[in-house]
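*Asks:* model this:
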Amino acid sequence: MKNQIKALLLVITFIFCHYGMKYFWGKSWIPILSELDQHTDLLLFPAKYLFIYGPFLLIATVLFKPIHWYELLGLNIKDSQRYLLAALACCTPMVIGYAFLSSELNISISGVVTGSIYAGFFEEVIFRAALFGILFRFCRWGFIPAALISSIIFGLGHIYQGHDVISALMAVTITTIAGTWFAWLYCECGYRIWFPLWMHILMNAAYGIFSMSGGAAGDLKGNLFKATAIILSIVYINVLIKGGKKREVTLSSLFKNQPNSSSLSIKTPTYGLNDA
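*Replies:* This is a model prediction of the structure:
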């Protein structure tokens with residue numbers, strides 16, 4: 001099956017899951033799972049994510065079955081600890097700034113897990129590694145079309161954070177840009193999801209713990225500190241590139257990922273969990 005046909009099936013499946021599977025979820029599961037996790041949503045959230053996006057992940061692994069599932073989903077564990085340390089370093093100034101601005105703390109373990117860890121993990125694996133990553137790496141879409149289709153859908157999922165038309169548009173625009181930035185981090189970190197995943201989790205956690213206001217759009221002071229994390233992440237990637245890492249997103253791959261790119265081909269042997 002040609003890659004473009006696979007890409008079309010992948011996108012159609014994703015859109016169906018994202019917008020349609022929620023209607024098959026059913027309300028009967030909510031009280032059952034809420035009772036089991038004592039209304040912390042620790043079971044409800046992952047169960048709902050897996051129910052809604054499970055068919056998409058299954059079809060993706062079937063369509064691209066020569067690729068190991070952990071490679072397809074960006075979950076090769078090599079360098080995961082290094083990327084955690086890098087994310088901590090990038091987010092530290094933002095955390096300090098939020099602590100300075102905050103007037104109250106919202107320290108809730110279940111809140112951090114559901115609002116930060118679950119959101120960061122599932123959104124990065126599903127939107128960045130599975131949807132964007134497959135389109136860019138294996139279907140040879142350019143970075144811009146692959147990033148836009150995943151990031152716009154990701155952005156539209158945050159429209160609820162706006163309280164009027166303007167703020168809703170701002171929330172969608174900012175999260176769409178954020179999704180594109182996460183996609184770039186994913187590419188430049190060897191198509192491993194760990195660095196954008198840790199950045200997503202830590203930024204969400206800081207935002208929630210320090211009760212920052214403004215939704216996805218944020219406010220001026222908060223955004224200034226958030227910008228430090230973004231800038232430092234870009235600096236980190238450039239340090240890796242200067243250290244010898246090949247740049248993955250180039251002018252030649254913006255609209256079509258050329259076959260001579262270092263992106264993996266579906267006919268290329270994949271890396272094992274402990275390979276370099």
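
*Asks:* what's next to the helix or strand residue 231 falls within, contact-wise?
*Replies:* When elements are defined using DSSP states H and E, residue 231 is found to belong to helix 220-242. Among residues not part of helix 220-242, those counted as contacts by Cβ atoms under 8 Å, 6 or more residues apart in numbering are 86-87, 89-91, 93-94, 96-98, 101, 181, 184-185, 188-189, 195, 199, 202-203, 207, 212-214, 218, 247. All C-beta spots, glycine's among them, are computed from the backbone N, C-alpha and C.

*Asks:* which of the residues you listed are buried?
*Replies:* The neighbour-count test (16 or more other Cβ atoms under 10 Å) marks 86-87, 90-91, 93-94, 97-98, 101, 181, 184-185, 188-189, 195, 199, 202-203, 207, 212, 214, 218 as buried among the contacts of helix 220-242.

*Asks:* circling back to that earlier point, okay, and which of the contacts of helix 220-242 map to helices?
*Replies:* Judged by DSSP state H, helices contain the following of these: 86-87, 89-91, 93-94, 96-98, 101, 181, 184-185, 188, 195, 199, 202-203, 207.

*Asks:* surely residue 204 and residue 115 touch.
*Replies:* Yes: here residue 204 lies in contact with residue 115, judged by Cβ atoms under 8 Å, at a distance of 6.2 Å.

*Asks:* quick check: pLDDT value at residue 164.
*Replies:* Residue 164 carries a pLDDT value of 69.

*Asks:* and what of residue 263?
*Replies:* As predicted, residue 263 sits at a pLDDT of 44.

*Asks:* what of residue 61?
*Replies:* According to the per-residue confidence, residue 61 scores 94 in pLDDT.

*Asks:* excluding chain neighbours, give the residue nearest to it in space.
*Replies:* Taking Cβ to Cβ, 6 or more residues apart in numbering as the measure, residue 61 lies nearest to residue 69, with 5.3 Å between them; neighbours along the chain are not counted.

*Asks:* wouldn't the one you found be in contact with residue 60 here?
*Replies:* No: in this structure, residue 69 sits apart from residue 60 without contact. The criterion is Cβ under 8 Å, and the distance is 9.0 Å.

*Asks:* of the two, which one has the most company?
*Replies:* Neighbours were counted for residue 69 and for residue 60 using other Cβ atoms under 10 Å; residue 60 has more, 27 against 12.

*Asks:* work out for me the element the more buried one sits within.
*Replies:* For residue 60, the element it lies in under DSSP H and E is helix 44-63.

*Asks:* and that helix, what does it pack against?
*Replies:* helix 3-20, helix 22-25, helix 29-36, helix 69-72, helix 119-123 (3 or more Cβ pairs under 8 Å, 6 or more residues apart in numbering; DSSP states H and E).

*Asks:* run through the neighbouring helices and strands of the fourth one.
*Replies:* Taking 3+ Cβ pairs under 8 Å, 6+ apart as contact, the helices and strands that helix 69-72 lies on are helix 44-63.

*Asks:* which ones are touching residue 177?
*Replies:* When contacts are counted by Cβ under 8 Å, 6+ apart, residue 177 touches residue 151.
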